[in-house]
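Undergrad: Give me the fold of what follows.
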Amino acid sequence: MRFPKTFGAIDMHKTEEMIMRSIELGVNYFDTAWVYSGSEEAVGAVFDKNHVREKIYIATKMPLIMVKRQEDFDKFFDQSLQRLRTDHIDYYLLHMITDTEQLRTLKKWGIEEWIARKKKTGQIRQIGFSFHGSGNEFLGILKDYDWEFCQIQYNYSDENFQAGVTGLRAAAQKMPVVIMEPLLGGKLATGLPKDAIKIFQNADANLTPAGWALNWLWNQAEVTTVLSGMSAMNQLEENVRLADAAHIGMLGDTGKSVYANVLESVNRSCKIRCTGCNYCMPCPVGVNIPGCFSAYNMRYSMGYVAGMQQFITSTGFTSEKSSSPSLCVKCGKCETHCPQKLSIMKELANVKKKMEPWWIRFIGICARAFLGKSRKKTNA
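TA: Predicted coordinates:
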């Protein structure tokens, strides 16, 4: 999901370098999805060019938010095969299951028979699901089908969120568990409040906040693998080094107490638990929803100036077209796609109130008008 990008498009040169370096270092599990714009195509192109398909495992996902009938199963699966330039998927997931009712609907449409056919032909090697819902629903879904693996959101700030530690332990008794959002969309790496960073540094100055977050996961026997969403070579090198050195039970009581102190700081400053997954995007009227939320959280974790600087950058003050929260028309489309079940419309109103008072909006309007006139003169 977080391949390096240049001007909004996946940077294929950097992406290829990272993928090939990761394989060299021993990484063999690559997670993508139909809905990650350009990702399946990028993965397929790199694997095909470098002839490494047989060295690795591909995980991709059926976009359930777009599946409306039985015929869509083959439609999206075949598109993934074509994009990935392969004849089989090693680990196929039903993407973003939220409750047992959703699974029952899929069963009515024949998903069990469809999976059985795909497994018989070898086009699907392992079947699983990724989950975004309540803990009780997760436990119900575990029992409702003979899954071979699952994927959950889990990190030290989300221990009791969604599937949580209870779901992790229940699932691990039956199957491998893959962890997504281990860094909460990067916020546990670069978005921590200053006092939380100091707590980590005082405990071990040689370990980054990202390292602390990943080690918290590797410490647990139930965690099979971690999707850390690397987007730069230095992140790749650090994450692989941490995984190589990690072992179950490596954190003693002293180490665990560090997380408790950091979490107390994080909970005080984090106002909106957005992970920046971009499932809510694109907004029909152009609001940069993840950007607005990130800036709002930054204001409380890193200070007003840092938050406003990010807000101005994220909402189009330096471009002709605004993407500010004041554009929201409360259509609700974003909330139907949000894995975190955030009250996005309500939160955008809070961001507008705190980050975009009338005088900020006025400056923005003037700046965009000036930019528009300047461009017209240049074109003339």
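
Undergrad: what sits against Val287?
TA: For Val287, the contacting residues are Ser323, Ser324, Pro325, Leu327, Cys328, Leu348, by Cβ atoms under 8 Å, 6 or more residues apart in numbering. Heads up, the C-betas are built off the backbone N, CA and C, glycines and all.

Undergrad: The nearest residue to the last one once chain neighbours are set aside - how many residues pack around it?
TA: If I follow you right, that is Leu348. Counting by Cβ to Cβ, 6 or more residues apart in numbering, Leu348 lies nearest to Pro325, which is 4.3 Å off, once chain neighbours are set aside. Using other Cβ atoms under 10 Å, Pro325 has 28 other residues around it.

Undergrad: For Arg85, see how far away Pro325 is.
TA: From Pro325 across to Arg85, the span is 41 Å (Cβ to Cβ, to the nearest Å).

Undergrad: next one: Val258
TA: When Val258 is compared with Arg85 (using Cβ to Cβ), they lie 45 Å apart.

Undergrad: and what of Ser39?
TA: 13 Å.

Undergrad: Between these two, which is the more surrounded one?
TA: For Ser39 against Arg85, the residue with the higher neighbour count under other Cβ under 10 Å is Ser39, and the figures read 22 against 16.

Undergrad: Mind telling me what element the residue nearest the centre of the chain is part of?
TA: When the chain is reduced to its mean C-alpha position, the nearest residue by Cα atoms, centre = their mean turns out to be Cys277, at 4.3 Å. Using DSSP states H and E, Cys277 sits in no helix or strand.

Undergrad: quick one, phi/psi of it?
TA: With angles defined as degrees, to the nearest 10, Cys277 sits at phi -70, psi -20.

Undergrad: Surely it is in contact with Pro339?
TA: Yes - under the criterion of Cβ atoms under 8 Å, Cys277 makes contact with Pro339 at 6.2 Å.

Undergrad: By average pLDDT, which secondary structure element in the chain comes out worst?
TA: Averaged element by element with mean pLDDT, DSSP states H and E, the chain has its least confident helix or strand at helix 358-379 (a mean of 56).

Undergrad: Just list the residues touching Ala205, thanks.
TA: Counting by Cβ under 8 Å, 6+ apart, Ala205 has no contacts.

Undergrad: what's the answer for Pro176, then?
TA: For Pro176, counting by Cβ under 8 Å, 6+ apart, the contacting residues are Glu148, Phe149, Cys150, Thr224, Thr225.

Undergrad: Now do the helices in the stretch 151-300 of the chain.
TA: Applying DSSP state H, counting those that start in this stretch to the stretch 151-300 of the chain gives helices spanning 164-172, 187-190, 194-203, 209-218, 233-245, 253-269, 289-302.

Undergrad: Include distance to Leu142 when you put those into TSV, please.
TA: As requested, the helices of the stretch 151-300 of the chain are arranged in TSV below (distance: least, Cβ to Cβ, whole Å):
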stretch	distance to Leu142
helix 164-172	6
helix 187-190	27
helix 194-203	33
helix 209-218	20
helix 233-245	26
helix 253-269	27
helix 289-302	30
